[in-house]
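In: predicted model follows, preceded by the sequence.
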Amino acid sequence: GAVVSQHPSWVICKSGTSVKIECRSLDFQATTMFWYRQFPKQSLMLMATSNEGSKATYEQGVEKDKFLINHASLTLSTLTVTSAHPEDSSFYICSARAADTGELFFGEGSRLTVL
Amino acid sequence: AQKVTQAQTEISVVEKEDVTLDCVYETRDTTYYLFWYKQPPSGELVFLIRRNSFDEQNEISGRYSWNFQKSTSSFNFTITASQVVDSAVYFCALSANTYNFNKFYFGSGTKLNVKP
């Protein structure tokens, strides 16, 4: 089946540094990718919708300058958490919509811990 | 407005018991999809089922079964003869035509503990 891979699966960084998380569709092209955030023991909240070759659309309350999203190709979207702080510690999950079938597939998630 | 409610925060059962996870949804769209996902401790979301709003047939897949009732806006999930490996957080989700099915509304999740 279709696979969406996230890298890194977990990362620990110091406060003030920037962290980049990649989301790749391994065997299909994805015109649209989505980034979710999940706090411990909570549900997934959509952060932004990323379309290949255009600017991401952010959900209300999500700082676009804080969470930079780039969707440079049909198989890769990146989320960069800039100047990370401990409150940015969370589980970030991406999903990708297959261009041909419209099916949606989720990545394995990336756990960010900011010290 | 779209909303998914999973009223059960946590359920504990003993192995081999049957368990039903409740999901109630709200949407004004006539065309929508409902999903169930399993999230084990490792974190990845495992797709279990997708059901569109025009298909109210119940579905059975092994020990899993789903009951979709539009009249009560519910999409409940039953695990028969539960096993320890079923322990996970289960999310019900809705995507609707309003946002071109792009926006998923997740319930708050139900944590299932299956004890040996």
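Out: Alright, I've got the coordinates. Computed from a prediction, not measured in an experiment: that's the story for all the values here. Numbers count the residues shown, from 1 in each chain, chains lettered A, B, ... in the order given.
In: from the contact counts, what lies against the worst-scoring helix or strand of chain A on mean pLDDT?
Out: Sorting the helices and strands of chain A by mean pLDDT, DSSP states H and E puts strand A:104-106 at the bottom, at a mean of 88. Packing partners of strand A:104-106 (3 or more C-beta pairs under 8 Å, 6 or more residues apart in numbering or on different chains; DSSP states H and E): strand A:90-98. The C-beta positions use only the backbone N, C-alpha and C, and glycine is treated the same way.
In: strands paired with the strand it packs on, and their directions?
Out: Pairing partners of strand A:90-98, with direction, according to DSSP bridges: strand A:30-38 (antiparallel), strand A:104-106 (antiparallel), strand A:110-114 (antiparallel).
In: now find how far off-centre the shortest one is within its chain.
Out: Same thing as strand A:104-106. Centroid displacement of strand A:104-106 relative to its chain, using C-alpha atoms, centre = their mean, to the nearest Å, is 12 Å.
In: same deal with stretch A:35-50?
Out: Here stretch A:35-50 shows a centroid-to-chain-centroid distance of 9 Å under the convention C-alpha atoms, centre = their mean.
In: alpha carbons of it, as PDB, please.
Out: The C-alpha trace of stretch A:35-50 is given here as PDB (Å, rounded to 0.1, in the frame of the first residue of the first chain):
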ATOM      1  CA  TRP A  35       0.300  18.800   8.900                       C
ATOM      2  CA  TYR A  36      -1.200  17.900  12.200                       C
ATOM      3  CA  ARG A  37      -0.100  18.500  15.800                       C
ATOM      4  CA  GLN A  38      -1.000  16.200  18.700                       C
ATOM      5  CA  PHE A  39      -0.400  17.100  22.300                       C
ATOM      6  CA  PRO A  40       0.000  14.200  24.800                       C
ATOM      7  CA  LYS A  41      -3.300  12.400  25.300                       C
ATOM      8  CA  GLN A  42      -5.100  14.800  23.000                       C
ATOM      9  CA  SER A  43      -6.500  14.600  19.500                       C
ATOM     10  CA  LEU A  44      -4.900  15.600  16.300                       C
ATOM     11  CA  MET A  45      -5.300  19.200  15.300                       C
ATOM     12  CA  LEU A  46      -4.800  20.400  11.700                       C
ATOM     13  CA  MET A  47      -2.100  23.000  11.500                       C
ATOM     14  CA  ALA A  48      -1.900  23.700   7.800                       C
ATOM     15  CA  THR A  49      -2.600  22.500   4.300                       C
ATOM     16  CA  SER A  50       0.300  22.400   1.900                       C
END
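In: in it, which residues are buried?
Out: Buried residues in stretch A:35-50, defined by neighbour count with 16 or more other C-beta atoms under 10 Å in any protein chain shown: A:Trp35, A:Tyr36, A:Arg37, A:Gln38, A:Ser43, A:Leu44, A:Met45, A:Leu46, A:Met47, A:Ala48, A:Thr49, A:Ser50.
In: measure the last one to chain B for me?
Out: Taking C-beta to the nearest C-beta, to the nearest Å as the criterion, A:Ser50 is separated from chain B by 11 Å.
In: how about residues contacting stretch A:22-32?
Out: Around stretch A:22-32, the neighbours that count as contacts under C-beta atoms under 8 Å, 6 or more residues apart in numbering or on different chains are A:2-7, A:33, A:35, A:49-52, A:74-79, A:94, A:96-100, A:105, A:107, B:102.
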